[in-house]
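Engineer: Quick one: sequence plus predicted model below, questions after.
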Amino acid sequence: MATYLELPTRGRMPILGLGTWQALQGTARDAVKFAIDVGYRHFDCAYMYQNESEIGDALRQKMEEGVVRREELFIVSKLWSTFHERSLVKEVCQKTLAALQLDYLDLYLMHCPMGFKAMEELVDVGMVKAIGVSNFNHKQMGRLLGKPGLRHKPANNQIESHPCLPQEELIKFCQSKGISVTAYCPLGAPNWPGSKPDHISLFDDPQIKEIALKHNKTPAQVLIRLQIQRNVSVIPKSVTPQHIEENFKVFDFELTEEEMETLLGFKKRYRICALSECKNHKDYPFSED
């Protein structure tokens, strides 16, 4: 099983990364430092998470200590939706680079499907190695790829995916076009703020627990392994050292075909990150649901 995904730019994205959303108030710095020591090299960041300066401190410290070199890291960040105007894109990317204390990003994603062209210029000037998108649905991906004058094909689509939202059609479409996919909320986001009353805990699901027991693994490790075996990059978020380390120990077992079918065959459908505040926008991506 590959531990990297090859991007259209020839860049190599580690298939397992650390998510950093909600890692605030001093937790992001320590979580990233610990994760680097464990072996993580892919870090998923965003301007909107408001913790990029903490992450930058951690990256700088570990590079200065000689634990890791910049070229060994794969750093992702995202353009938030209030900065789509062409004149703002470069400026906010520069702010992210300054906060992370980096000269370039390995991948820069549009956080929501509402504009793309100005990001191409960031590749041209060397501020980012590759650009991609997040939360684009099947039709939006098709429209983007069909745009006249598209110079840099999106290298990645970052989407929510777990057994209650497997997204098989969208993942297969992206992969068929040479576009890598990253799964966020792979564990069902047990600590998501404002969870709906019908939110199901994947960790407590009897089928997932049974599979985990069989492999002597945790439910979280099974959920991460599910995505890896689909050739999907996965970014479980944690600030707890024990969980960060556990989540990395997923390359020493393999789910059977039957177990994969079970995990992808849940009848319950549930979207955690519904972006409901954007539902009246013309490009709202989840109306297809």
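Structural biologist: That came in fine, so what should we check first?
Engineer: what's the helix or strand of the chain with the lowest mean pLDDT packed up against?
Structural biologist: Least confident helix or strand, the chain: helix 117-124 with a mean of 89, by mean pLDDT, DSSP states H and E. The helices and strands touching helix 117-124, judged by 3 or more C-beta pairs under 8 Å, 6 or more residues apart in numbering; DSSP states H and E, are helix 86-100, strand 107-110, strand 131-134. C-beta coordinates here come from the backbone N, C-alpha and C atoms, glycine included.
Engineer: Can you say which of those is nearest to Thr3?
Structural biologist: strand 107-110 (16.8 Å; C-beta to C-beta).
Engineer: what does the least confident helix or strand of the chain contact?
Structural biologist: For helix 117-124, contacts defined as C-beta atoms under 8 Å, 6 or more residues apart in numbering pick out 79, 84-86, 89-90, 93, 108, 110, 128-131, 150-152.
Engineer: Type out the PyMOL command that picks the buried ones from those.
Structural biologist: Typed into PyMOL, the line below selects the buried ones among these, using 16 or more other C-beta atoms under 10 Å:
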select buried, resi 79+84+89+90+93+108+110+128+129+130+131+152
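Engineer: and which of the contacts of helix 117-124 is nearest to Gly19?
Structural biologist: Tyr108 (16.5 Å).
Engineer: How much space separates the closest one from Arg269?
Structural biologist: To Arg269, Tyr108 is 31 Å away according to C-beta to C-beta, to the nearest Å.
Engineer: swap in Arg70?
Structural biologist: For Arg70, the distance to Arg269 (C-beta to C-beta) stands at 41 Å.
Engineer: can you pull the contacts of the closest residue to Leu100 other than its chain neighbours?
Structural biologist: Nearest in space to Leu100, with sequence neighbours left out and distances taken as C-beta to C-beta, 6 or more residues apart in numbering, is Gly56 at 4.1 Å. By C-beta under 8 Å, 6+ apart, the contact list for Gly56 reads Ala99, Leu100, Gln101, Leu102.
Engineer: Work out for me the element Gly56 sits within.
Structural biologist: Assigned by DSSP states H and E, Gly56 falls within helix 52-64.
Engineer: Export only the CA atoms of that helix, formatted as PDB.
Structural biologist: Output of helix 52-64 as PDB, limited to C-alpha atoms (Å, rounded to 0.1, in the frame of the first residue of the first chain):
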ATOM      1  CA  GLU A  52      -1.300  29.100  11.500                       C
ATOM      2  CA  SER A  53       1.200  31.200  13.400                       C
ATOM      3  CA  GLU A  54       1.300  28.500  16.200                       C
ATOM      4  CA  ILE A  55       1.800  25.900  13.500                       C
ATOM      5  CA  GLY A  56       4.600  28.000  11.900                       C
ATOM      6  CA  ASP A  57       6.400  28.200  15.300                       C
ATOM      7  CA  ALA A  58       6.300  24.400  15.600                       C
ATOM      8  CA  LEU A  59       7.500  23.800  12.000                       C
ATOM      9  CA  ARG A  60      10.400  26.300  12.500                       C
ATOM     10  CA  GLN A  61      11.400  24.800  15.700                       C
ATOM     11  CA  LYS A  62      11.500  21.200  14.400                       C
ATOM     12  CA  MET A  63      13.400  22.400  11.300                       C
ATOM     13  CA  GLU A  64      15.900  24.300  13.400                       C
END
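Engineer: What about the spatially closest residue to Val89 that is not a sequence neighbour, how many residues nearby?
Structural biologist: Computed as C-beta to C-beta, 6+ apart, the closest residue to Val89 that is not its neighbour in sequence is Ala118, at 4.0 Å. Other residues within reach of Ala118, judged by other C-beta atoms under 10 Å, total 18.
Engineer: Ok, Lys268 next?
Structural biologist: 10.
Engineer: give me phi/psi at it?
Structural biologist: When quoted as degrees, to the nearest 10, the phi and psi of Lys268 stand at phi -70, psi 130.
Engineer: Please report how far it lies from Ile159.
Structural biologist: With C-beta to C-beta as the criterion, Lys268 and Ile159 are 18 Å apart.
Engineer: mind listing what the nearest residue to Val125 once chain neighbours are set aside touches?
Structural biologist: Once flanking residues are discounted, Val125 sits nearest to Lys90: 7.8 Å by C-beta to C-beta, 6+ apart. The contact partners of Lys90, by C-beta under 8 Å, 6+ apart, come to Ala118, Glu121, Leu122, Val125, Met127.
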